[in-house]
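1. generate coordinates for the sequence data below:
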Amino acid sequence: MDTQVWKQYLPAFMEKTKQFYNGSISQGDYKSFSGFYGSYAQRGGQANMLRLRMPAGEVTKEKMIFTAEMLKKYQVSRMHFTTCQTIQLHDLQPETVCAIMGEALDAGIMIIGGGGDYPRNVMCPPLSGVQKDEYFDVLPWAQAAGDYLLNFITEKKMPRKLKVGFSNSPENITHATYRDLGFAATRQGTFDVYSAGGLGPNPCFGVKVADGVEPEMILYYIRAMWLTFLTYGNYESRLKSRTRYMQETLGGPDAYSEAYNEKLKEVFNSGEDLRIRHTDGKEVLKKGAGANLTHARVLEQKQNGLYAVSWHPIGGMPAPDTFCALSTAVEKMNDVELRLSPDETAYIINLTAKEAEQVMHITKDSAQTVFETSVSCIGASICQAGARDSQALLTACVKAVRDAAIPDKALPQIHISGCPSSCGTHQTGVIGFRGGMKRVDGKPQSGFVLYVNGCAQQGSETMGREAGTILTEKIPEFLVKLGKTVAESGLTFSEWNKENKSALDKIAAEYTA
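-> As a prediction, this is how the structure comes out:
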């Protein structure tokens, strides 16, 4: 879809933003309006953030160059790779956010529908098309889904946001089996379809509503999902206006599946042709130079001689200068682009060995251990809805673990959310934290609820179990003790946790009491 058509909406945003900053409208009224534009006021109401949608997590070379130009032109000091595979720009003054919106649309980058009660960025495994063990490349289908969902932005308003995801293997990194709508790839080159799942309050795994769906037919299933949500979604209570609540409203998973398939039948009987006619993904014609490269941050692609380099800025917060330097380097490399992952890692793909070495040098600020790849939402210092500062907690934990010289793999990747919304996906991490409160001597203190043993792997999906609340200031100490205990065993955390079923709970109990 031509992003230019959305520029007609920008004058209204500029006017409403002006009113908010001069005090004419409340923060709540502004939030309900601005989400349509992918922008919200940050906590304190002194600056805005802007969400640049990157369909299926693909940041082409052109989009990298544009983003770098915006960072430099407007002196943007803070950016974030989100768990929904977008790029957020922060600390923007009113005139800046309005200017970047217009320039983004001119550059073919969508911002409309980035917030509010609209379809969000469609998610896709970051290495789709280059990953050795994938079932098939789902990227073109995810992008077709994203293009189609833009049509719903100006249709009848949905009860709440709609999140759609695709997976290319049972790794299920995009949580396709528990999104509002998920397409899970199969070995047969088809999709199994899951619906009405989601994290946050009252988390639910999706209901399998179809299997063996040919990729070119997926838009029928998306339209059926939209109609189901419009018909049965809760417009009265925002707390219950997500798709996962329809399972309960309709009487359980089987009843929901029946209701969904009735809508699917309506779509097929409407006579509307929603079959996708194009099926080809991007063919990588680039050839490697023959050199072999081995490094913890380097992955061999299925294209012979080509590599992907992982770059995980701590907390998904890349330094703008580093992003700009990477963009400058990539501009001179053929077929190279950046892919965003739901765990806030960025992958630079289609690199020769020599190019990979250059990229590794530029991104040397990347996480160096599994633990340092931990996931965090933007946190309460910026987010209006945040209860606790998840980014500050992660920074403190990384420092404590480094100071204690905890070896790699003695601690897992953890997931931190500042509030129950689960933007940090705390509910499916093996260790997760959610911002909360803990009473000490009858007084409320800053704390995080601990979740343990969640799992995203398809076929083994598990929501983390609540294991009590730990004072914020004690969490680094808890993780250091856990890491030392595991390290002394000589096992990795995964091995230790599997062999010692109650040990994690036992250590946690010292801090949750």
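2. can I take it that residue 194 is in a strand?
-> Yes - assigned with DSSP: H, G, I helix; E, B strand; the rest coil, residue 194 falls within a strand.
3. now do the contacts for it.
-> Residues in contact with residue 194 (CB atoms under 8 Å, 6 or more residues apart in numbering) are 176-179, 181-184, 205-209. C-beta: built from backbone N, CA, C; applies to glycine.
4. mind doing that once more with 7 Å?
-> Counting by CB atoms under 7 Å, 6 or more residues apart in numbering, residue 194 touches 176, 177, 178, 182, 184, 206, 207, 208.
5. buried members of the residues you listed into ChimeraX, please.
-> Per 16 or more other CB atoms under 10 Å, the buried members of the contacts of residue 194 correspond to this ChimeraX selection:
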select :176,177,178,182,184,206,207
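6. turn the contacts of residue 194 into a markdown table, including pLDDT, secondary structure and distance to residue 251.
-> Formatted as a markdown table, those follow (pLDDT from 0 to 100; DSSP: H, G, I helix; E, B strand; the rest coil; distance: CB to CB, whole Å):
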| residue | pLDDT | secondary structure | distance to residue 251 |
| --- | --- | --- | --- |
| 176 | 98 | helix | 25 |
| 177 | 98 | helix | 21 |
| 178 | 98 | helix | 20 |
| 182 | 98 | strand | 22 |
| 184 | 98 | strand | 25 |
| 206 | 98 | coil | 17 |
| 207 | 98 | strand | 12 |
| 208 | 98 | strand | 17 |
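7. tell me the phi and psi of residue 372?
-> Per-residue torsions, residue 372: phi -70, psi -10 (degrees, to the nearest 10).
8. and for residue 314?
-> Main-chain dihedrals, residue 314, degrees, to the nearest 10: phi -60, psi 130.
9. burial of it, as a residue count?
-> Using other CB atoms under 10 Å, residue 314 has 20 neighbouring residues.
10. and for residue 296?
-> With other CB under 10 Å as criterion, residue 296 counts 11.
11. any idea how far it is from residue 485?
-> Relative to residue 485, residue 296 is positioned 24 Å away (CB to CB, to the nearest Å).
12. circling back to that earlier point, wait, which of the contacts of residue 194 is closest to residue 214?
-> Nearest to residue 214 among the contacts of residue 194: residue 184, at 14.1 Å, using CB to CB.
13. residues contacting that closest one?
-> By CB under 7 Å, 6+ apart, the contact set of residue 184 is 167, 176, 177, 191, 192, 194, 458.
14. same thing with residue 152?
-> By CB under 7 Å, 6+ apart, the contact list for residue 152 reads 119, 226.
15. dump the residue contacts of residue 377.
-> Neighbouring residues of residue 377 by CB under 7 Å, 6+ apart: 390, 417, 418, 423, 424.
16. between all of those, which two are separated the most?
-> Across the contacts of residue 377, the longest distance by CB to CB is 8.6 Å; it joins 390 and 423.
17. these two: who's more crowded?
-> Neighbours of residue 390 and residue 423, each counted by other CB under 10 Å, are more numerous for residue 390; the result is 30 against 25.
18. so that one versus residue 204, what's the distance?
-> As defined by CB to CB, residue 390 lies at a distance of 23 Å from residue 204.
19. for residue 101, same thing?
-> From residue 101 to residue 204 the distance is 35 Å (CB to CB).
20. who has more neighbours out of these two?
-> Using other CB under 10 Å, the more surrounded residue of residue 101 and residue 204 is residue 101, with 26 against 21.
21. assess the claim that the more buried one and residue 111 are in contact.
-> Yes - if you go by CB atoms under 7 Å, residue 101 and residue 111 touch, sitting 5.5 Å apart.
22. what's the overlap in contacts for those two?
-> In contact with both residue 101 and residue 111: 37, 50, using CB under 7 Å, 6+ apart.
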